[in-house]
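Visitor: okay, here's the prediction I keep looking at, along with the sequence it came from:
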Amino acid sequence: MEPIEFVAKWGLTKKELAELLGLTQAQVDRWFFPPEAKNHQVPKQSHLDRLSEIDLLLTFRDAIEDAARSPTMERISQIIPSKKSK
């Protein structure tokens with residue numbers, strides 16, 4: 001996933017994006033410079049892959065949270081308590 005897509009989808013700052021990837025903000029800033037700019041850099045494939053992984057995890061997290069709030073899940077939780085509560 002491209003950094004600009006990720007930032008737009010999840011509402012992150014460049015600083016937060018850098019934290020997620022273990023980079024400095026300066027490194028991430030270079031990805032957002034115009035391609036013709038002297039300091040522009042293309043993200044490494046490993047960073048793009050990691051953004052895709054994080055996007056997938058966040059998407060599943062949101063889906064799980066939505067499902068957990070459903071009436072069916074509430075009923076299931078009443079019948080079968082969480083292992084954490086034991």
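Guide: Thanks, I have the structure now.

Visitor: where does this protein dip in pLDDT?
Guide: Along the chain, segments meeting pLDDT under 70 span 82, 84-86.

Visitor: please redo it, this time with the cut-off set to 90
Guide: When the per-residue scores of the chain are filtered using pLDDT under 90, the ranges that remain are 61-86.

Visitor: tell me where it has helices.
Guide: Shown for the chain, the helices assigned by DSSP state H span residues 3-10, 14-21, 25-32, 45-68, 71-79.

Visitor: out of these, which gets nearest to K38?
Guide: Comparison of those against K38 by CB to CB identifies helix 25-32 as nearest, at 10.0 Å. Yep, even glycine has a C-beta here, placed from its N, CA and C like the rest.

Visitor: going by neighbour count, list what's buried in that closest one.
Guide: Applying a neighbour-count criterion of 16 or more other CB atoms under 10 Å, one finds 27-31 buried in helix 25-32.

Visitor: with stretch 29-45 instead?
Guide: Neighbour counts using 16+ other CB under 10 Å place 29-31, 43 of stretch 29-45 among the buried residues.

Visitor: which of the buried residues of helix 25-32 sits closest to I4?
Guide: W31 (7.9 Å).

Visitor: quick one, what contacts that closest one?
Guide: Residues in contact with W31, defined by CB atoms under 8 Å, 6 or more residues apart in numbering, are 3-4, 40-43.
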